[in-house]
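Undergrad: no letters, just coordinates:
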């Protein structure tokens, strides 16, 4: 390990070496060259991956030759610059050669242009290019030429190398010498010091060199060749150069590691600094700022005390082990010892060094391989997603990113180069934040507010903090979300009065208007010298984001409650999705076609939508919508006087003003923009057969007419008429551009989308196969998880729009068909499903580790994944159920009702879905409007004790007039609910209700119905002043406390109606609803459990004894319907499997009659991947035994090579082969059940260990050699 020098040294240190294209050598250099100790690494003949990338660490900036990406040949030069140097102090100089990288440094001694050169042995082309470049170089710029020049001359080589001084070699070297003389360059490395020990004959020579301007010669501290430690896999020595020059360093940024925070101490200390008590309202601005300062100081104090700083190690490599460190030390010591005997080639130290060097190289390769294999073999939980991110992200070299010189055009059309960070930040600011434009607000009389303003509530703030993602990057305050989540109970008391005061005092602090704008590359751009190839990420102060999230919550509820947004404005709204927008558009088109009309459509995208939005126009639109003035004025204060710091590389700009636009990182940005551009969706005239649909900043204009010409005229009118799109765009500061034209199609066949799904799936599976090899890789469980959570969603995105569900027709066998009779065709996208099946087949192979010849049915069965047609049907069914439960106000609901009638011509996707799945809009109860939980439920005081023990203790303390226990149950295919009212500890009354089959209802619904029965029992009691209701289902209590209804809204509203009735019939009644642990001996709960099971089996109380709502049949549960359909699909799968029991399928069923099921998948979870792979191969018969290999022409005979008696099948190998009789006897003795049962051997968890031991002892399968 090299020494760690102080980072504040006042010198420039350069490491130079030719690595012979070796990955090992390059890794070793990066391991030894601490970026705090070395400023620049100059590599010749570097190693590049198959993607033409040089793998380095994030502590280095990677500089490739200018035409590195364009050349068909490998580049032979690579420069690395430490992140220690400020990016403002160096720049890349274009140089038209793959053999040279050119950089320019700004140092204490002026500009230095560094050329990292690899000069070809047989050509002077590179030197000629360098000569031309130096001719144009300013005289004040110093020059440093370093690299492998491949030239020999007595001027630098040892005289004993006379055999290298041929006439041709001296002539070639003379061109280099003339270059040095022409530009007054001196040789910094002393003469006769070799830089190469040729591997073939150990001859020492000097192809590498260092030359510099005379101004740099006096700045040399040292320039020497370092022979130890010797870098493996290269015969070139290391050249180290140190100059008495300095460059400005990048600023050091300290970051706290909140993942290692001591939260108990933080909460305790914070409670001392900020007492956990309700705070008084803020009465003036001075007190506002004082209290805000106190909060910030308190949080920063506890963070500094109890959150450690992040430590970044330049040596951090997952694969570097203590063993490698030891081997490297031994190798280095032997090299030093062997150099002392370099005059004696036969000395044994030379061979010992060579052996140690080889051992180190092999150990390094093995360590990298084993590190990766161990990681993927043992990956579970979050590690699976980490590896998935590695594999699917855009490939990089791992080096630190840097924005290159940016290019823009002046008003006169001349190119402007932005080289310094200050210039780059100005160009990016101009691109990210357009100059403010006059929105031309017309005089208007604003309507009254749709409802009075309501300030922020404690419940809102608690909910917003709870829903925050913990580890998102913070803004200028540097306090992350996790701090607020962990200290919520204390901070809510202090933040709430401040948040409310921003409205009452009409004050929004300046510090909350400040942000950091982080610059990121847009992926897939061809030219990153253009500012538009980057996108801004706004990082706001977290406290201001909390306030904005509370306001966004109120504003979203307000606009939905009063219908302030157009129906066809999708995106960013609760209950709306992309597929909803596409279904509406598709239905509009199909309806027109059915009426023998045509539709013309124009799809518009606003360029730079959020930065281009005018805050003044936004406020005007909000007032026109009737938004309370308090919110509008608050918005104006929030959007005025904003400023930001632009951050990229290691640079932070000066403050830039933001005079226009909406902050994209703000929780309010989406609802703000929906209010801003809602007019674009409202301009269509439905009476003129026009429609506009919006999805945030995307707008679709559609016009229906008798002919295409008339439809186009309507589109033109929608654009150009008074109040049309062009006028709207002008008023909303949107500049018109010429878009790229794409023809969507004339038949709505969605072929492009289907093809994209196949391409996406194929690409993803190709990536995943890298971590799913037969011997090593993710477990079957991890791979199946990725299949279900990533592949299926990717290939089925918006499938309800473009995929027609498949219905298999009943077919007769060929011998039962009559003359001329044909089997009916399957309906749906059968052909496309076949294409998707090839993608899923590859995924199933990756999950199981089976061989490619295994049948698709066997693969799906062992991977426990539905056949792709059934899987796609399941996706479509779930989407159909979701649409059937949409609120009546959703614009898709109208189209859904119309699609209930199955038409003959031009059926939309909705027609096909409803008809295939036999679903009507009335099948399920629609979601209520709004989806907020009724406030009346607060009178029930729902509570959840923190633990089972606390709940039981609370039950002992209950002193209510009556206790009521409710429960729900699912048993014997039925669902039932019950409630038991107890007085003086004894049951007094019981109500039961049988909801129906578990195909229509779920237990959660029964729990809600149980709560309804409990309230009904309470409402019918007289002389009750206090009541206690015990529910053993926490989900119900969470629902009663939640501000949003997420499931069974019709039942929640029915509970609210009962609660209202209860307040009228029992004024002043005190009710407590709490969680009771189930099955722990609480008498009333046990009685309710028995009664609920009786109800599930069909027993119900008399209808007149039940609440009015429960006297009629309860509408079906969407969750139950989805589960029932999923089970039906699995039944179809089993029927399909049973109907094709031949060959391999029959063999597998003989081994495991439960197939298809999750039995093998569960078995595979208990063993390493290589064992699970072998097991499925044995079960399917597709395993490299001679019977299988002969079948596919890989061997001449199917005979067993061990006994030569029978064909080498799985059964023969495991049960009968005489060559392995002793091994078989030991196996059967250890596990007698496997003696005569192949089924037990290949399907029993207990037998697998003995099976694998038997196979290992036979030595037949190499993949078990390390088992």
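TA: The structure has been received and is ready for your questions. This is a predicted model, so every value here is computed, not measured.
Undergrad: so residue 210 lies in a helix, does it not?
TA: No. Residue 210 is assigned strand when assessed by DSSP: H, G, I helix; E, B strand; the rest coil, not a helix.
Undergrad: who's it bridged to?
TA: residue 146 (DSSP bridges).
Undergrad: again, but for the one 10 residues further on
TA: Going by DSSP bridges, residue 220 is paired in beta bridges with residue 243.
Undergrad: my guess is it contacts residue 241, does it?
TA: Yes. If you go by Cβ atoms under 8 Å, residue 220 and residue 241 touch, sitting 7.4 Å apart. Just so you know, the C-beta spots here come from the backbone N, C-alpha and C atoms, and that holds for glycine as well.
Undergrad: what residues are shared contacts of these two?
TA: Residues touching both residue 220 and residue 241 (Cβ atoms under 8 Å, 6 or more residues apart in numbering): residue 188.
Undergrad: so which of these two has more stuff around it?
TA: Higher neighbour count among residue 220 and residue 241: residue 241, with 23 against 17, using other Cβ atoms under 10 Å.
Undergrad: state the distance from that one to residue 11.
TA: According to Cβ to Cβ, to the nearest Å, residue 241 and residue 11 sit 10 Å apart.
Undergrad: show me what contacts residue 715?
TA: 600-602, 701, 703.
Undergrad: out of these, who's the most crowded?
TA: Most surrounded of these: other Cβ under 10 Å gives residue 703, at 26 neighbours.
Undergrad: so that one touches residue 592, yeah?
TA: No. Checked against Cβ under 8 Å, the pair residue 703 and residue 592 is beyond contact range at 9.5 Å.
Undergrad: give me the common contacts of those two.
TA: In contact with both residue 703 and residue 592: 599, 689, using Cβ under 8 Å, 6+ apart.
Undergrad: so what pairs up with residue 652 in the strands?
TA: When bridges are called by DSSP bridges, residue 652 pairs up with residue 647.
Undergrad: what's the local residue count around it?
TA: Counted with other Cβ under 10 Å, residue 652 comes out at 14.
Undergrad: ok, and for the top helix by length along the chain, which residues are buried?
TA: Ranked by residue count under DSSP state H, the longest helix found in the chain is helix 348-377. Residues 349-350, 352-353, 356-357, 360-361, 363-364, 367-368, 372-373, 375-377 are the ones in helix 348-377 that count as buried (16 or more other Cβ atoms under 10 Å).
Undergrad: same question, stretch 990-997
TA: 990-996.
Undergrad: list just the nearest of the residues you listed to residue 485.
TA: residue 995 (38.1 Å; Cβ to Cβ).
Undergrad: next up, the contacts around that closest one.
TA: 974-977, 1001, 1005-1006, 1009, 1095, 1114.
Undergrad: after the helix or strand hosting it, which helix or strand is next?
TA: Per DSSP states H and E: residue 995 is located in strand 986-997. Toward the C-terminus, strand 986-997 is succeeded by helix 1003-1019 as the next helix or strand (DSSP H and E).
Undergrad: C-terminal to that next one, what's the next element?
TA: According to DSSP H and E, the helix or strand after helix 1003-1019 is strand 1026-1031.
Undergrad: I'd say residue 141 and residue 115 touch.
TA: No. Assessed by Cβ under 8 Å, residue 141 is found out of contact with residue 115, at 11.8 Å.
Undergrad: who has more neighbours, those two?
TA: Between residue 141 and residue 115, residue 115 has the larger neighbour count (other Cβ under 10 Å), namely 24 against 14.
Undergrad: next one: residue 957 from residue 77, what distance?
TA: According to Cβ to Cβ, residue 957 and residue 77 sit 79 Å apart.
Undergrad: these two: who's more crowded?
TA: residue 77 (27 against 6).
Undergrad: partner residues bridging the more buried one?
TA: On the basis of DSSP bridges, residue 77 is bridged to residue 44.
Undergrad: that one contacts residue 95, correct?
TA: No. Shown here, residue 77 and residue 95 do not form a contact pair, counting by Cβ under 8 Å, at 9.3 Å.
Undergrad: hey, what's in contact with both of these two?
TA: With Cβ under 8 Å, 6+ apart, residue 77 and residue 95 have common neighbours 65, 101.
Undergrad: host element of residue 703?
TA: Counting by DSSP H and E, residue 703 is found in strand 698-705.
Undergrad: give the partner strands of that strand in its sheet and their orientations.
TA: In the sheet, strand 698-705 lines up with strand 598-605 (antiparallel), strand 690-695 (antiparallel) (DSSP bridges).
Undergrad: save the ones you listed as a markdown table, and put in distance to residue 850 too.
TA: Listed next are the strands paired with strand 698-705 as a markdown table, based on distance: least, Cβ to Cβ, whole Å:
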| stretch | distance to residue 850 |
| --- | --- |
| strand 598-605 | 45 |
| strand 690-695 | 42 |
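Undergrad: ranking those strands by burial, who's on top?
TA: strand 690-695 (a mean of 23; mean count of other Cβ atoms under 10 Å).
Undergrad: what does that strand contact?
TA: Contacts for strand 690-695 (Cβ under 8 Å, 6+ apart): 566, 568-571, 578, 581, 584-585, 588, 677-678, 680-684, 699-704, 714, 718.
Undergrad: now with 6 Å, please.
TA: 568-571, 581, 585, 588, 681, 684, 700-703 (Cβ atoms under 6 Å, 6 or more residues apart in numbering).
Undergrad: equivalent analysis for stretch 51-64, please.
TA: Outside stretch 51-64, the residues that touch it by Cβ under 6 Å, 6+ apart are 35, 46, 48, 78-81, 83, 92, 101, 103, 314, 395, 397-400, 402.
Undergrad: next one: that stretch to chain centre, how far?
TA: Relative to its parent chain, stretch 51-64 has a centroid offset of 24 Å by Cα atoms, centre = their mean, to the nearest Å.
Undergrad: swap in stretch 1061-1073?
TA: 48 Å.
Undergrad: how long is that stretch end to end?
TA: Taking Cα to Cα, to the nearest Å, the first and last residues of stretch 1061-1073 lie 17 Å apart.
Undergrad: what mean pLDDT does that stretch get?
TA: For stretch 1061-1073, mean pLDDT rounds to 90.
Undergrad: which parts of that stretch are buried?
TA: So for stretch 1061-1073, counting by 16+ other Cβ under 10 Å, buried means 1062, 1066, 1069, 1071-1073.
Undergrad: likewise stretch 1203-1210?
TA: Those would be 1203, 1207-1210, for stretch 1203-1210 by 16+ other Cβ under 10 Å.
Undergrad: closest to residue 556 among these?
TA: Distances from residue 556 to the buried residues of stretch 1203-1210, taken by Cβ to Cβ, are shortest for residue 1210, at 61.6 Å.
Undergrad: doesn't residue 300 lie inside a helix?
TA: Yes. With three-state DSSP as the criterion, residue 300 is located in a helix.
Undergrad: can you count the residues close to residue 74?
TA: 13.
Undergrad: I'd like to know how far it sits from residue 148.
TA: From residue 74 to residue 148 the distance is 15 Å (Cβ to Cβ).
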